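S.K.: Generate a structure from the sequence data that follows.
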Amino acid sequence: MDIIDKRIDGGKAFDWGRTSEDYAKFRDIYPVEFYDRIIKRGFCQKGQTVLDLGTGTGVLPRNMYRYGAKWTGTDISENQIQQAKILSEGMDIDYFSCSAEKIDFPDNSFDVITACQCFWYFDHEILMPKLYNMLKENGTILILYMAWLPFEDKIAGESEKTVLKYNPKWSGAGETMHPISIPECYNEKFELVYSEEYKLAIHFTRQSWNGRMKACRGVGASLTPQEIILWEEEHKKLLEKIAPQEFEILHYAAMAELRKK
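M.R.: Next comes the predicted model:
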């Protein structure tokens, strides 16, 4: 399903379903510390019901399944949900394909609602009241994010330049470390009770970093097949010049907790 949003990439259409196979292979990259910080805050554990919005290939439910929460994941892309079900084989995780704005779970269904790498895609005026109703008393929206830092990491910065050559309006470029932005409409029914940002060094090989870049919105989800071939040829040549076989890319991660009033 093509998504067109004037706020994102200058309105260029993108479809995560087009890159689902690469997404499944190369975007399951959050380190242990990322999940540990969620657990230390008391979330996504045994006895809790959790809804993961924009679940993609189910990265968050799959990796946190061992902590005992009952997970449900939703995503607008049927291809992403298909990959999530394949990768979650043997796990008791429910997946549904629908946009966040059209979810319709009963009131008081969830202790926690997570949104990882996706919060800015939603129409919050529609979504916020739904999240409020679906959460139990004192329930929490947990917003999570991780991105490379192109101005602090040479390989990341040079890789971004190759994407911008083929997709000059890609708005995913130029990230800097900052708190997660919360739309004003949430102030009516939620309180921001905690936020944090911290740096992480994520390990890659040339192959896995190329795959990670290919599976980003600016490449695999929006370029034509021919453009992707040309981009990948150029990017692989770049990595041969500037990157060793194995290396780390500097990222930052961020978390924001919104508690139901």
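S.K.: Surely Asp92 and Thr72 touch.
M.R.: No: between Asp92 and Thr72 there is no contact under C-beta atoms under 8 Å: 10.4 Å. Every C-beta, even on glycine, is put in place using the N, C-alpha and C of the backbone.
S.K.: Show me where the chain has its strands.
M.R.: Using DSSP state E, the strands of the chain run over 49-53, 70-75, 94-97, 110-116, 135-148, 190-205, 246-260.
S.K.: Parallel or antiparallel, list what pairs with the second one.
M.R.: When pairing is defined by DSSP bridges, strand 70-75 lines up against strand 49-53 (parallel), strand 94-97 (parallel).
S.K.: Helix or strand with the lowest mean pLDDT in this structure?
M.R.: Here the helix or strand of the chain ranked lowest by mean pLDDT, DSSP states H and E is helix 20-26, holding a mean of 94.
S.K.: Would you indicate which residues of that helix are buried?
M.R.: 20, 22-26 (16 or more other C-beta atoms under 10 Å).
S.K.: Nearest to the spatial middle of this protein, which residue is it?
M.R.: Gln117 (2.4 Å; C-alpha atoms, centre = their mean).
S.K.: Quick one: residues contacting the nearest residue to that one once chain neighbours are set aside.
M.R.: Nearest non-adjacent residue to Gln117, counting by C-beta to C-beta, 6 or more residues apart in numbering: Tyr145, 6.2 Å away. Tyr145 sits next to 116-117, 119, 180, 253-255 when contact means C-beta atoms under 8 Å, 6 or more residues apart in numbering.
S.K.: Got a ChimeraX select line for the buried ones in these?
M.R.: Here is the ChimeraX selection string for the buried members of those, based on 16+ other C-beta under 10 Å:
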select :116,117,119,180,253,254,255
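S.K.: Quick one: the helices in the stretch 101-250 of the chain, in order.
M.R.: 124-134, 154-166, 206-214, 225-242 (DSSP state H, counting those that start in this stretch).
S.K.: that older thread, and the strands of the chain as CSV, adding mean pLDDT and distance to Gln226?
M.R.: Shown next, in CSV, are the strands of the chain (pLDDT from 0 to 100; distance: least, C-beta to C-beta, whole Å):
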stretch, mean pLDDT, distance to Gln226
strand 49-53, 98, 33
strand 70-75, 98, 27
strand 94-97, 98, 29
strand 110-116, 98, 32
strand 135-148, 98, 26
strand 190-205, 98, 26
strand 246-260, 98, 27
